[in-house]
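Enquirer: generate coordinates for the sequence data below:
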Amino acid sequence: MKALLLHFEDETLEAGRLARAAGLECAVIERHRFPDDELRLRLPERLPGRVVVYRSLHRPNEKLLELLLVARTAGRLGAEHLTLVAPYMAYMRQDVAFRSGEAVSQRIVGEFLAGLFDGVVTVDPHLHRVNTLAEAVPVPHAIALSGAPLLADIVAQVRPGAVLLGPDAESAQWVAAAAARHGFAHAVCTKVRHGDRDVDILLPEGLDVSGRAVVLLDDVVSSGHTLAGATRLLRAAGAASVDVAVTHALFAGDALAQLEAAGVGQVWSTDCIAHPSNAVSVAPLLAEALRQIGVA
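Expert: Predicted coordinates:
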C-alpha cells in the first residue's frame, strides 16, 4: 500500500481533496469525548510504513494533544515514517521572549512536532526572525508553501490592474510574491501595534489610489482590526474598491463583519482553513510537496 492519509471527521472535505490530488487512500480517525473532556481516538488496526496525518492547526490547543496521541499510536500500528500536513501552522509568531519569563512558543511547539513527525508540510507559516521552516520545526523534511500566487490568480481574474497592498512590513514577502505573478503594482502600509485590538495604520507615502481597485493581501486575518483600519484609509483616499485576499481565514469573533462595515467588498481565501470565503484549494500544492518527499 502507498502512504495512507489519516484525518479527522471535521476535515473530511479538505483531506479528501488532498487524497485525490496525491493519489492516496484515506481513513478517518475516530474521535470520542468522554464526559470529563478526555479524548479517545481510534486509528485503523494496521498501518502502512508511510502515513500522512492531515490536521490544520487553527484553534490549536486540543489538536496538539490529538497529534501526540495519533503519532504515538501510529508508530505502534506499523507506521515507520510520519508526515504532518498542517495547512495552518499555529504558534509560529512568538520566536523570542519579549519580556522576561515568556515562553518562546515557536521553539517549544516546533520541537514538540519534530519529536512526533519525520516531515511537516504547511502553507505560509508566520515566521519573523527565522529564514526557513526547518529552523522552527527541525524535521528532516520541512516544507513551507505559499498561497499568495494562487490568490494573485483570483485577483487577476476579478480585479485586473489592481494595486496589491500589504497591511504591514511583515506582509511584504507575500505581497511581492503575488505581485510578481501578474505584474501588479504593490506596496505595504506601516503599522504601529499598541495591543491585540489597538493598531495604527499609515498608507505608503506617495501612493495614489484614487479611482483604483485595491486588494489588501496578507497571510492571515484574525481580529480584522488591521485590515479594517487600512480599508477606511483607502476609502477616504478615494479607492474605487477594496477587497481582501488572505491565505488563512481565521476571522475570530466579528472580524468579517468589521471588514464589511469598513468598506471591504469581497474576501477571497484559500482552503487552508475551511470558511465561506474559500476561493482556491491548496490541495495540488500539498500533493506536489508530498511527492517531493516520497510519500505520494
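Enquirer: buried residues, stretch 184-194. List them.
Expert: Within stretch 184-194, the residues scored as buried using 16 or more other CB atoms under 10 Å are 184, 186-189, 191. Placement of C-beta: from N, CA and C, glycine included.
Enquirer: my error: substitute stretch 242-259 in the last question.
Expert: 242-251, 255-256, 258-259.
Enquirer: Throw those into JSON lines and include secondary structure, thanks.
Expert: Formatted as JSON lines, these follow (DSSP: H, G, I helix; E, B strand; the rest coil):
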{"residue": "Val242", "secondary structure": "strand"}
{"residue": "Asp243", "secondary structure": "strand"}
{"residue": "Val244", "secondary structure": "strand"}
{"residue": "Ala245", "secondary structure": "strand"}
{"residue": "Val246", "secondary structure": "strand"}
{"residue": "Thr247", "secondary structure": "strand"}
{"residue": "His248", "secondary structure": "strand"}
{"residue": "Ala249", "secondary structure": "strand"}
{"residue": "Leu250", "secondary structure": "coil"}
{"residue": "Phe251", "secondary structure": "coil"}
{"residue": "Ala255", "secondary structure": "helix"}
{"residue": "Leu256", "secondary structure": "helix"}
{"residue": "Gln258", "secondary structure": "helix"}
{"residue": "Leu259", "secondary structure": "helix"}
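Enquirer: from those, which is closest to Asn278?
Expert: Within these, proximity to Asn278 (CB to CB) peaks at Ala249, which comes in at 7.0 Å.
Enquirer: where's the closest one relative to Arg72, distance?
Expert: According to CB to CB, to the nearest Å, Ala249 stands 31 Å off from Arg72.
Enquirer: got JSON lines for the buried residues of stretch 242-259, with pLDDT and distance to Leu6 too?
Expert: Putting those into JSON lines (pLDDT from 0 to 100; distance: CB to CB, whole Å) gives the following:
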{"residue": "Val242", "pLDDT": "97", "distance to Leu6": "41"}
{"residue": "Asp243", "pLDDT": "97", "distance to Leu6": "36"}
{"residue": "Val244", "pLDDT": "97", "distance to Leu6": "33"}
{"residue": "Ala245", "pLDDT": "97", "distance to Leu6": "31"}
{"residue": "Val246", "pLDDT": "97", "distance to Leu6": "28"}
{"residue": "Thr247", "pLDDT": "97", "distance to Leu6": "24"}
{"residue": "His248", "pLDDT": "97", "distance to Leu6": "22"}
{"residue": "Ala249", "pLDDT": "95", "distance to Leu6": "24"}
{"residue": "Leu250", "pLDDT": "93", "distance to Leu6": "24"}
{"residue": "Phe251", "pLDDT": "93", "distance to Leu6": "27"}
{"residue": "Ala255", "pLDDT": "91", "distance to Leu6": "31"}
{"residue": "Leu256", "pLDDT": "92", "distance to Leu6": "31"}
{"residue": "Gln258", "pLDDT": "93", "distance to Leu6": "37"}
{"residue": "Leu259", "pLDDT": "95", "distance to Leu6": "35"}
